[in-house]
Structure formats: C-alpha cells, structure tokens
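S.K.: What follows is a predicted protein model with its sequence.
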Amino acid sequence: MFRAKRADRIKIVWWDGSGVCLYLKRLEKARFCWPRIGHHRVQLNAAQLMALVDGMDWKRVRTAAVKPPDIVG
C-alpha cells in the first residue's frame with residue numbers, strides 16, 4: 001500500500017494468485033486518514049482496509065468477536 005504526500009491518493013498492489021493487481025483511488029474533497037509519514041509499518045484487517053478505501057477513519061473500526069452457534073441443524 002502506498003500513499004501520496006498530500007494523502008488524497010492511495011495505491012494498493014497485491015498478488016491475486018495469477019498476477020499482480022493495482023488498485024488506485026483518489027479522493028476529490030477529502031483525504032485518507034494516515035499515520036504520520038515515517039518508517040512505520042501498519043497492519044490493517046479487512047474491515048479497516050475497507051474503511052480506509054472508503055475514506056473513513058480506519059482507526060475507529062473494530063472487529064467484533066462472533067460467537068459460533070451452540071446448536072446447528
């Protein structure tokens with residue numbers, strides 16, 4: 001994942017099993033919520049990544065633990 005200095009663009013590069021994919025998004029009126037520029041490594045879960053791509057504050061997203069059902073059938 002890469003960001004622009006102005007924090008209005010994001011590039012995500014990933015391997016999909018058959019090749020490399022590039023996802024690019026630019027926000028026109030807002031900025032992506034990023035930590036300060038530095039040599040930091042940030043790990044995001046799927047919900048936080050979706051919030052970041054949507055332009056929301058991903059630091060406020062938490063995953064809720066889901067209890068499996070006791071009885072199935």
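M.R.: Received the coordinates, thanks.

S.K.: and the lowest-mean-pLDDT helix or strand in the chain, what does it pack onto?
M.R.: In the chain, no helix or strand scores lower on mean pLDDT, DSSP states H and E than strand 2-3, which sits at a mean of 72. If you count contacts as 3 or more Cβ pairs under 8 Å, 6 or more residues apart in numbering; DSSP states H and E, strand 2-3 packs onto strand 9-15. Bear in mind the C-beta positions are built from the backbone N, C-alpha and C, glycine included.

S.K.: Pass me the low-pLDDT residue ranges in this protein, would you?
M.R.: Where the chain drops to pLDDT under 70, the residues are 4, 35-40, 73.

S.K.: Which parts of it are helices?
M.R.: Counting by DSSP state H, the chain has helices at residues 46-53.

S.K.: what's the residue positioned nearest the centre of it in contact with, if anything?
M.R.: The residue lying closest to the centre of the chain (Cα atoms, centre = their mean) is residue 49, at 2.0 Å. By Cβ atoms under 8 Å, 6 or more residues apart in numbering, residue 49 lies in contact with residue 58.

S.K.: any idea how far it lies from residue 58?
M.R.: According to Cβ to Cβ, to the nearest Å, residue 49 and residue 58 sit 7 Å apart.

S.K.: Now do residue 44: how many residues are near it, please.
M.R.: 14 (other Cβ atoms under 10 Å).

S.K.: hang on, isn't it packed against residue 52?
M.R.: Yes: if you go by Cβ atoms under 8 Å, residue 44 and residue 52 touch, sitting 6.7 Å apart.

S.K.: Name the residues contacting each of the two.
M.R.: With Cβ under 8 Å, 6+ apart, residue 44 and residue 52 have common neighbours residue 58.

S.K.: Dump the C-alpha coordinates for stretch 65-73 into PDB.
M.R.: What follows is stretch 65-73 as a C-alpha-only set of coordinates in PDB (Å, rounded to 0.1, in the frame of the first residue of the first chain):
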ATOM      1  CA  ALA A  65     -15.900 -11.300  18.100                       C
ATOM      2  CA  VAL A  66     -18.700 -13.600  16.700                       C
ATOM      3  CA  LYS A  67     -19.700 -16.500  18.900                       C
ATOM      4  CA  PRO A  68     -20.400 -19.600  16.900                       C
ATOM      5  CA  PRO A  69     -23.800 -21.200  17.400                       C
ATOM      6  CA  ASP A  70     -24.200 -23.800  20.100                       C
ATOM      7  CA  ILE A  71     -26.600 -26.000  18.100                       C
ATOM      8  CA  VAL A  72     -26.600 -26.400  14.400                       C
ATOM      9  CA  GLY A  73     -29.400 -28.000  12.400                       C
END
